[in-house]
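*Asks:* Sequence below, structure please.
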Amino acid sequence: MHVLIAQSNENLGMLWKQHLERLCAHVTLVQTSDAAIAALAEQEFDVIVLDLVLREGSALAVADVANYRQPRANVVFVTNTTFFSDGSIFNHSPNARAFIESTTAPNDLAAIVEYYGQPSPDRAAQ
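*Replies:* As a prediction, the model looks like this:
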């Protein structure tokens with residue numbers, strides 16, 4: 001499983017990365033949307049953990065690029081705000097699979113990412 005984490009808080013991103021690596025995931029950690037988009041151009045990901053409020057750039061732009069370049073990559077949005085708490089993120093981002101709080105326990109986040117990182121039947125056939 002290859003995971004991209006786009007999280008402006010480097011300490012939080014490292015914590016998530018460590019938990020995912022315990023599950024044998026290959027993790028790329030970036031802090032900006034530009035770095036996330038560059039990573040999407042260079043590598044293929046199964047899951048993208050995307051902070052909705054990046055300090056630099058737009059998380060929705062990253063999700064859009066991912067949907068275009070890697071339509072099978074599942075996006076797990078995380079946030080520390082109530083913006084999109086009505087679930088409308090799923091209307092704005094067709095590759096969104098989950099929307100959770102940044103304060104979610106790292107073990108729980110890792111379990112969610114592991115679930116969405118498993119090959120689907122149509123992905124396994126290719």
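*Asks:* Flag the shaky bits of the chain, pLDDT-wise.
*Replies:* Applying pLDDT under 70 to the chain flags residues 81-91, 119-126.
*Asks:* Could you state which residue of it sits nearest its centroid?
*Replies:* In the chain, the residue lying closest to the centroid (Cα atoms, centre = their mean) is residue 49, at 1.7 Å.
*Asks:* isn't it right up against residue 109?
*Replies:* Yes. With contact defined as Cβ atoms under 8 Å, residue 49 counts as touching residue 109 (7.2 Å). Glycine gets a C-beta too; all of them are placed from N, C-alpha and C.
*Asks:* shared neighbours, the two?
*Replies:* Common contacts of residue 49 and residue 109 (Cβ atoms under 8 Å, 6 or more residues apart in numbering): 16, 76, 78.
*Asks:* Export those residues as a markdown table, with columns for neighbour count and distance to residue 9.
*Replies:* Formatted as a markdown table, the shared contacts of residue 49 and residue 109 follow (neighbours: other Cβ atoms under 10 Å; distance: Cβ to Cβ, whole Å):
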| residue | neighbour count | distance to residue 9 |
| --- | --- | --- |
| 16 | 24 | 10 |
| 76 | 22 | 16 |
| 78 | 24 | 10 |
